[in-house]
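# need a structure here:
(chains A, B, C and D)
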There are 2 protein chains.
Amino acid sequence: MKKDLTPSETQLPRYRWLADIIRDTIDRGLLTDNQALPPERELAEHYEVSRDTVRKALRYMEERGIIYSDHGRGTFVSPTIVRGTTRFIDSFSQDTGNRGGVPGQRIISIENIGASMAIATLLNIESGTPLVRVRRVRLIDDVPVGVHDAHLVLPRGSRLTRSQIERSGSLYKLLTAQYGFDPAEAVENLCAGAADADDAQWLDVPVATPLLICERITLSDRRQPIEYCLMKYVSSYRYRTRIARHSDGTR
Amino acid sequence: MKKDLTPSETQLPRYRWLADIIRDTIDRGLLTDNQALPPERELAEHYEVSRDTVRKALRYMEERGIIYSDHGRGTFVSPTIVRGTTRFIDSFSQDTGNRGGVPGQRIISIENIGASMAIATLLNIESGTPLVRVRRVRLIDDVPVGVHDAHLVLPRGSRLTRSQIERSGSLYKLLTAQYGFDPAEAVENLCAGAADADDAQWLDVPVATPLLICERITLSDRRQPIEYCLMKYVSSYRYRTRIARHSDGTR
DNA sequence: TAGTGGTCTAGACCACTCG
DNA sequence: GAGTGGTCTAGACCACTAG
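Presented below is the predicted three-dimensional model:
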């Protein structure tokens, strides 16, 4: 168990080490919805870290929707409905797994293309720049739930093969490991749409069926656009998210 | 200008005061996309605060997608595409204003009802608990773009009138000011759907038109559910969001 | 190697909540 | 008033980036 390792053994900063311990405690059900954590000063003493480090661990968890703090009252475990709503960049495989489904994919095509004007504008690159386009049907428990159409900016000469993607569960993990693809942030735009003939075929629904359309632009650590992805989902697919702030900036 | 006020005059914590100054600098175009901010130590000296306070201001802004920091390189202004994608709980009026539209509403009905079993389960209350149900058509520049169906848990005896809501631009602002309604966090679930006869009438679209469906549960500071809201939007409406994390927890 | 952000500490005081 | 989280400080050292 993580608990038995010292922070230096885990190679993690102390606040991450502490966050993992607390997270574990919650995941094991020893602390449940809206129950209070020990006070910060107590945690600091018990784990032999400064109070500031405790606070860093708590803020780290709060950002992820695991706990929340109330001034003057204490720090509490977030209700189940909130925990686990944090969105990550490689969300599909992740989310699906978290919800108890088996994520899958069927590759429609992999092409080396030049950026169209529309895509070039979105990605802030020259039109005609070489891109890799990957189209996939996404499955949950072998049922098609969505189509992904990704346009990737990869280093010159990168070659992506069907079998590579198929072997690796997650396209992102593959790209990160093999091609230095390093997503830091993404912007998403969601709206309603209707299935066209292609969508209908791949998703096995009638033409004009309502679909959830999600456009994503992914940025590298230097905030250069490295991917444009158009995703369309059938109505049974749920996109979950969490909002933690009021517009007055409070909390 | 805020710049000329001392932190104590603004009644804000120093880190918020500093964040506002930097934000202002960016908004005025003195610092633009991917440009570097001064180093933390320099900001600390210049504004006569500790480096830790500077860091707190920077983290506050980073959470909101205004800037980003890279270890060893510096801190930079987020590209325009990213800035302003932060979602807030009272998003409709806010977002619409930010995008240059004029937000509006047409109230369909205000009812005092008892919680149905479905709603009661979602809100974690007894079925039959008194709720206020507010149905509204949301407008942008006087064009209907969505319908909101809110079920509110308000203190006993609260009375909500049409004219009150109409006078106040934002329902949330009214509830907060008048009824101690204090949203701290919200969970949203998005999916695709089709317009039913009612939707079609209010949104002025054919029945079965694809709609973006967004269900929201709003929680109080004590993380008690205080609202369930079902929102449906026509396909021209864009729901924008930002994802800042990779699933390995890095950054 | 110089410069940057990231982690960590120990201590002080403020602001809020609740009995 | 006692206990909690929130802000702030001054200083140290580590980790990463780039010329």
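# how about the residues of the stretch 1-150 of chain A by DNA strand C?
A:7, A:13-16, A:48-53, A:56, A:70-73 (CB under 7 Å from any atom of the strand). The C-beta positions use only the backbone N, C-alpha and C, and glycine is treated the same way.
# among these, which are in helices?
Using DSSP state H, the subset of these located in helices is A:Pro7, A:Arg14, A:Tyr15, A:Arg16, A:Arg51, A:Asp52, A:Thr53, A:Lys56.
# and A:Pro206, helix, strand or coil?
coil (DSSP: H, G, I helix; E, B strand; the rest coil).
# and what of A:Lys232?
Looking at A:Lys232 with three-state DSSP, the answer is strand.
# which residues does it contact?
A:Gly146, A:Val147, A:Gly193, A:Ala195, A:Asp199, A:Leu203, A:Leu211, A:Leu212, A:Ile213, A:Cys214 (CB atoms under 8 Å, 6 or more residues apart in numbering or on different chains).
# find the nearest non-adjacent residue to it, please.
A:Leu211 (4.5 Å; CB to CB, 6 or more residues apart in numbering or on different chains).
# just give me the least confident of the ones in helices among the residues of the stretch 1-150 of chain A next to DNA strand C.
Ranked by pLDDT, those bottom out at A:Pro7, which has 61.
# coming back round to it: want to throw the ones in helices among the residues of the stretch 1-150 of chain A next to DNA strand C into a markdown table with distance to B:Ile108 and neighbour count?
As requested, these are arranged in a markdown table below (distance: CB to CB, whole Å; neighbours: other CB atoms under 10 Å in any protein chain shown):
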| residue | distance to B:Ile108 | neighbour count |
| --- | --- | --- |
| A:Pro7 | 57 | 19 |
| A:Arg14 | 54 | 19 |
| A:Tyr15 | 49 | 21 |
| A:Arg16 | 49 | 16 |
| A:Arg51 | 52 | 14 |
| A:Asp52 | 51 | 12 |
| A:Thr53 | 52 | 20 |
| A:Lys56 | 47 | 18 |
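# and which of the residues you listed is nearest to A:Arg159?
A:Arg16 (36.1 Å; CB to CB).
# and that closest one, how far from A:Arg59?
12 Å (CB to CB, to the nearest Å).
# do the same with A:Cys214
Separation of A:Cys214 from A:Arg59 (CB to CB): 29 Å.
# returning to that earlier point: make a PyMOL selection of the buried ones in the contacts of A:Lys232.
To isolate the buried ones among the contacts of A:Lys232 in PyMOL, judged by 16 or more other CB atoms under 10 Å in any protein chain shown, type:
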select buried, chain A and resi 146+147+193+195+199+203+211+212+213+214
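# tell me the SS of the residue most central in space within chain A?
Per CA atoms, centre = their mean, the C-alpha nearest to the average position across chain A is that of A:Phe88, at 1.6 Å. Judged by three-state DSSP, the three-state class of A:Phe88 is coil.
# list the contacts for it?
By CB under 8 Å, 6+ apart, the contact list for A:Phe88 reads A:Gln94, B:Ile243, B:Arg245, B:His246, B:Ser247.
# could you redo the last one with a cut-off of 6 Å?
With contact taken as CB atoms under 6 Å, 6 or more residues apart in numbering or on different chains, A:Phe88 is in contact with A:Gln94, B:Arg245, B:Ser247.
# and what of A:Glu185?
With contact set as CB under 6 Å, 6+ apart, A:Glu185 has these partners: A:Leu219, B:Ala244.
# confirm that it sits in a strand.
Yes - under three-state DSSP, A:Glu185 falls within a strand.
# and the residue in the stretch 51-200 of chain A that DNA strand C sits nearest to, how many neighbours does it have?
The stretch 51-200 of chain A approaches DNA strand C most closely through A:Gly72 (2.5 Å), counting by CB to the nearest atom of the strand. Using other CB atoms under 10 Å in any protein chain shown as the criterion, A:Gly72 is surrounded by 5 other residues.
# that one and B:Arg14: what is the separation?
21 Å.
# quick check, nearest of the residues of the stretch 1-150 of chain A next to DNA strand C to A:Ile26?
A:Arg16 (15.5 Å).
# any idea how far A:Leu31 is from that closest one?
A:Arg16 is 19 Å from A:Leu31, by CB to CB.
# thinking again about what came up before, just the ones in strands from the contacts of A:Lys232, please.
When those are checked against strands (DSSP state E), the matches are A:Gly146, A:Val147, A:Gly193, A:Leu211, A:Leu212, A:Ile213, A:Cys214.
# now the second one, which residues is it bridged with?
In other words, A:Val147. Beta-bridge pairing of A:Val147 under DSSP bridges involves A:Val137, A:Lys232.
# hang on, A:Asn189 in a strand?
Yes - assessed by three-state DSSP, A:Asn189 belongs to a strand.
# which residues does it form beta bridges with?
Bridge pairing for A:Asn189 (DSSP bridges) gives the partners A:Glu215, B:Arg240.
# residues contacting it?
A:Glu215, B:Arg238, B:Arg240.
# ok, now A:Ile107?
So A:Ile107 contacts A:Arg136, A:Arg162 (CB under 6 Å, 6+ apart).
# element containing it, please.
Per DSSP states H and E: A:Ile107 is located in strand A:103-114.
# list the buried residues of that strand.
By 16+ other CB under 10 Å, the buried positions in strand A:103-114 come out as A:Pro103, A:Gly104, A:Gln105, A:Ile110.
# from these, which is closest to A:Arg156?
The closest of the buried residues of strand A:103-114, once distances to A:Arg156 are taken by CB to CB, is A:Ile110, at 17.0 Å.
# for that closest one, give me its contacts.
A:Ile110 neighbours (CB under 6 Å, 6+ apart): A:Val134, A:Leu160.
# that one and chain B: what is the separation?
Going from A:Ile110 to chain B by CB to the nearest CB, to the nearest Å gives 24 Å.
# beta partners for that residue?
A:Val134.
# do you know the pLDDT at it?
Reported pLDDT for A:Ile110: 95.
# ok, A:Tyr237 touching A:Val145?
Yes - at 4.8 Å, A:Tyr237 counts as touching A:Val145 under the criterion of CB atoms under 6 Å.
# low pLDDT regions in the stretch 101-250 of chain A?
Under the criterion pLDDT under 70, the flagged ranges of the stretch 101-250 of chain A are A:249-250.
# look at A:Glu227 and give its secondary structure.
Looking at A:Glu227 with three-state DSSP, the answer is strand.
# next up, the contacts around it.
Applying CB under 6 Å, 6+ apart, the residues near A:Glu227 are A:Leu152, A:Thr218.
# is it true that A:Ala115 touches A:Pro130?
No - in this structure, A:Ala115 is not within contact of A:Pro130 by CB under 6 Å, at 7.8 Å.
# neighbour count winner among the two?
Taking other CB under 10 Å, A:Ala115 and A:Pro130 do not tie; A:Ala115 has more neighbours (21 against 14).
# contact partners for the more buried one?
So A:Ala115 contacts A:Ile125, A:Ser127, A:Thr129, A:Leu131 (CB under 6 Å, 6+ apart).
# mark which of those are buried, thanks.
For the contacts of A:Ala115, buried by 16+ other CB under 10 Å: A:Ile125, A:Leu131.
# could I get the contacts of A:Ala115 in a markdown table, plus columns for secondary structure?
Below are the contacts of A:Ala115 laid out as a markdown table (three-state DSSP):
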| residue | secondary structure |
| --- | --- |
| A:Ile125 | coil |
| A:Ser127 | coil |
| A:Thr129 | coil |
| A:Leu131 | strand |
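# could I get the contacts of A:Ala115 as a markdown table with distance to DNA strand D?
Converted to a markdown table, those look like this (distance: CB to the nearest atom of the strand, whole Å):
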| residue | distance to DNA strand D |
| --- | --- |
| A:Ile125 | 20 |
| A:Ser127 | 27 |
| A:Thr129 | 22 |
| A:Leu131 | 24 |
